[in-house]
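J.: pasting the structure only:
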């Protein structure tokens with residue numbers, strides 16, 4: 001993976017005012033390096049053929065956070081779920097059915113951030129399913145987004161059950177994973193409602209902001225629901241709504257309760273939206289051909305694909321600096337890995353698009369190699385990106 005200008009490729013030095021990297025980010029002793037090399041070889045030679053298999057490999061590669069208070073044995077993971085709420089195992093299953101990259105990355109996070117981000121991702125995916133609903137007219141999308149907004153504002157299990165029945169009576173799409181998520185939406189909402197007040201407020205506010213922004217773009221579509229973005233500014237505004245806000249939410253969840261990240265708090269917040277925008281731009285470029293067949297034209301008319309790729313690479317450089325600031329400030333290894341992995345995958349995807357054009361995807365062996373390379377970099381105290 002190429003390095004952004006100004007990012008050194010050797011040991012990770014802390015920026016002024018930040019704590020020195022913890023032992024987990026320094027070079028591993030020879031015995032540990034040998035053990036890691038064995039794990040890298042196994043990962044590169046045989047990753048399971050499903051998203052769950054790859055995610056399981058990544059989770060075992062990266063292990064748990066270096067902070068004992070943030071390991072998988074945290075009570076947040078082992079405690080039973082509130083009545084009617086989706087369990088951690090069900091959240092993980094729904095992630096595998098509705099995501100590729102995030103089903104791979106979320107298991108790397110320490111608890112309780114892992115549970116919070118898993119629930120948040122599914123809430124954003126529900127909203128995204130309504131916005132993209134290829135089988136619904138514009139009015140149906142707006143009605144579903146409005147109902148979802150109300151459920152985010154106020155717990156109402158019965159209203160959630162009725163809403164899910166309406167959404168499935170005339171399904172918005174044919175994707176089995178997304179329809180399963182809508183069927184279990186009341187349980188996902190119950191898990192959200194059961195979160196501690198701080199994370200629940202953060203997730204709720206950011207999800208509602210995205211829902212409101214999605215509704216604005218849906219209203220601009222024609223009666224059949226087809227949307228075309230006007231220009232680059234319009235493209236960036238759309239990316240902010242559907243991904244920049246996600247980057248802002250993730251940043252607040254990373255910072256929540258972690259005083260050690262105080263020195264880089266402002267730096268992260270200033271770059272959080274660009275981090276999300278970078279990943280969304282890569283997705284838009286990759287899926288542009290398929291989206292156009294479904295009436296979604298996120299690349300502005302007459303735009304040069306090379307210009308969009310250039311913008312995506314600029315945003316990825318910002319995302320790299322964001323990632324390194326977390327690493328240098330001593331963020332838990334799982335958070336660094338969670339952020340670095342999609343950045344590495346996005347850059348590799350852009351490289352592939354420039355070689356072969358939109359519509360291509362990384363192969364599972366490619367993903368396994370990227371996972372192993374990242375793990376090795378973290379083992380050796382090298383920059384994560």
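T.: Okay, I see it. Fair warning: this is a prediction, and the values are worked out from it, not measured in the lab.
J.: which intervals of the stretch 201-350 of the chain have sub-threshold pLDDT?
T.: Scanning the stretch 201-350 of the chain with the threshold set as pLDDT under 70 gives 289-297.
J.: again, 80 this time
T.: The model of the stretch 201-350 of the chain has pLDDT under 80 over residues 223-226, 288-298, 301-302.
J.: can you map out the strands along it?
T.: 227-228, 296-297 (DSSP state E, counting those that start in this stretch).
J.: Name the strands paired with the first one and say parallel or antiparallel.
T.: Paired with strand 227-228 in the same sheet, following DSSP bridges, are strand 296-297 (parallel).
J.: what's the burial count for residue 134?
T.: 15 (other CB atoms under 10 Å). Every C-beta, even on glycine, is put in place using the N, C-alpha and C of the backbone.
J.: Before we go further, it is sitting in a strand, right?
T.: No: using DSSP: H, G, I helix; E, B strand; the rest coil, the secondary structure at residue 134 is coil, not a strand.
J.: Looks like it contacts residue 172 (just checking).
T.: Yes: using CB atoms under 8 Å, residue 134 is in contact with residue 172, at 7.4 Å.
J.: domain assignment for the protein?
T.: Domains of the chain are assigned by automatic domain parsing as 83-196, 226-385.
J.: who wins for proximity to residue 202 among these?
T.: Of all these, domain 226-385 sits nearest to residue 202, with 4.9 Å by CB to CB.
J.: Quick one: end-to-end distance for the closest one.
T.: 37 Å (CA to CA, to the nearest Å).
J.: Return the distance of it from the chain's centre.
T.: Centroid displacement of domain 226-385 relative to its chain, using CA atoms, centre = their mean, to the nearest Å, is 9 Å.
J.: if we can go back for a sec, same list, the domains of the chain, but as a markdown table with distance to residue 202 please.
T.: Formatted as a markdown table, those follow (distance: least, CB to CB, whole Å):
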| stretch | distance to residue 202 |
| --- | --- |
| domain 83-196 | 8 |
| domain 226-385 | 5 |
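J.: Pull the number of nearby residues for the closest residue to residue 313 other than its chain neighbours.
T.: Nearest residue to residue 313, sequence neighbours excluded (CB to CB, 6 or more residues apart in numbering): residue 350, at 6.5 Å. Around residue 350 there are 19 other residues, counting by other CB under 10 Å.
J.: buried stuff in the helix or strand containing residue 158?
T.: Assigned by DSSP states H and E, residue 158 belongs to helix 157-169. Within helix 157-169, the residues that count as buried by 16 or more other CB atoms under 10 Å are 157, 160, 163, 164, 167.
J.: Kindly indicate which of these lies nearest residue 96.
T.: Closest to residue 96 out of the buried residues of helix 157-169 is residue 164 (20.2 Å), distances taken as CB to CB.
J.: which residues does that closest one contact?
T.: 182, 183, 185, 186 (CB atoms under 8 Å, 6 or more residues apart in numbering).
J.: are any of those residues buried, and which?
T.: For these, buried by 16+ other CB under 10 Å: 182, 185, 186.
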